[in-house]
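Student: Provided below are the primary sequence and the corresponding predicted coordinates.
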Amino acid sequence: EAGVVQSPRYKIIEKKQPVAFWCNPISGHNTLYWYLQNLGQGPELLIRYENEEAVDDSQLPKDRFSAERLKGVDSTLKIQPAELGDSAVYLCASSLDLVTGELFFGEGSRLTVL
Amino acid sequence: AQKITQTQPGMFVQEKEAVTLDCTYDTSDQSYGLFWYKQPSSGEMIFLIYQGSYDEQNATEGRYSLNFQKARKSANLVISASQLGDSAMYFCAMREGGSAGGTSYGKLTFGQGTILTVHP
């Protein structure tokens, strides 16, 4: 069974440029998460989808961040324009059960903003 | 208030010894789940163990066990017979039950992590 796939693994951009990250969850997993992880810190939830519906986007900075999950499968996280402080690892995860199921994580997309 | 507190920024253990990583949590929900994840330097998050709030037995998975003390709201991870490959960052996380349909339902919150170093 394929795991959660994320791309790109690494991205270096200059500030004010746009960037997009893609995530393909494990087949059949209804719930998809985007987390932000700063160096040496725990992951922080940006947005959580149940199928194609964003059920929790309270932590997503909506002035520059956007996300979509068309057809309830793949998801894209976009930042426009990127700022220096956005340098971090963006983790995508999926789970089968909303409450008791473990989260399966992708390898993450490491963003460096210069 | 912090939902998940890991008070040990770093821990050291000798190979083959046991080590306990501390985790306390804060929730008013009756139904919740507690998770431990391992994150090696390569970056991937690896699920280790899960404890449900209604589980009466402490969870065990191989060399990992979870010391669940509900009244004290603690969920410490015990790693027995440490191996060099156990050196990594360890995160405690809580998934709250809340009410179905509410924004907190199913939300998973992570602690700040503990870096474990296993010495030969």
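Tutor: Sure thing, it's come through. Numbering: from 1, shown residues only, chains lettered A, B, ... in the order given.
Student: Near chain A, which residues of chain B are found?
Tutor: By the rule Cβ under 8 Å from any Cβ of the partner chain, the part of chain B lying against chain A is B:4, B:31, B:33, B:35, B:37, B:42-45, B:47, B:50, B:52, B:91, B:93, B:95, B:97, B:103-113. For the C-beta atoms, the positions are set from N, CA and C on the backbone; glycine is no exception.
Student: run the last query once more with 7 Å
Tutor: Residues of chain B lying near chain A by Cβ under 7 Å from any Cβ of the partner chain: B:33, B:35, B:43-45, B:47, B:50, B:52, B:91, B:95, B:97, B:103, B:105-108, B:110-113.
Student: mind listing what's buried in stretch B:12-21?
Tutor: For stretch B:12-21, the neighbour count (16 or more other Cβ atoms under 10 Å in any protein chain shown) marks B:13, B:19, B:21 as buried.
Student: which one of these sits closest to A:V113?
Tutor: Of all the buried residues of stretch B:12-21, B:L21 has the smallest distance to A:V113: 32.6 Å, by Cβ to Cβ.
Student: tell me which strands and helices the helix or strand of chain B with the lowest mean pLDDT is in contact with?
Tutor: Within chain B, confidence by mean pLDDT, DSSP states H and E is lowest for strand B:108-110 among all helices and strands, at a mean of 90. Applying 3 or more Cβ pairs under 7 Å, 6 or more residues apart in numbering or on different chains; DSSP states H and E, we find strand B:108-110 packed against strand B:88-96.
Student: tell me the mean pLDDT over the strand it packs on?
Tutor: What strand B:88-96 shows for mean pLDDT is 93.
Student: likewise stretch A:107-114?
Tutor: Rounded mean pLDDT across stretch A:107-114 is 96.
Student: Is chain B within reach of it?
Tutor: Yes: residues of stretch A:107-114 contacting chain B under Cβ under 7 Å from any Cβ: A:107-108.
Student: Show me the beta-bridge partners of the spatially most central residue of chain A.
Tutor: In chain A, the centroid-proximal residue (Cα atoms, centre = their mean) is A:W34; its distance is 3.0 Å. Assessed by DSSP bridges, A:W34 has beta-bridge partners A:I47, A:C92.
Student: Can you tell me which helix or strand of chain A has the lowest average pLDDT?
Tutor: The helix or strand of chain A with the poorest confidence is strand A:53-56; it has a mean of 88 (mean pLDDT, DSSP H and E).
Student: just to revisit the earlier point, surely the residue nearest to the centre of chain A and A:C92 touch.
Tutor: Yes: A:W34 sits in contact with A:C92 when judged by Cβ atoms under 7 Å, with a separation of 5.8 Å.
Student: Would you list the phi and psi of B:Q30?
Tutor: When read as degrees, to the nearest 10, the backbone of B:Q30 gives phi -90, psi -30.
Student: how many other residues sit next to it?
Tutor: Using other Cβ atoms under 10 Å in any protein chain shown, B:Q30 has 8 neighbouring residues.
Student: now swap in A:N38 and tell me
Tutor: Residues contacting A:N38 under the criterion other Cβ under 10 Å number 12.
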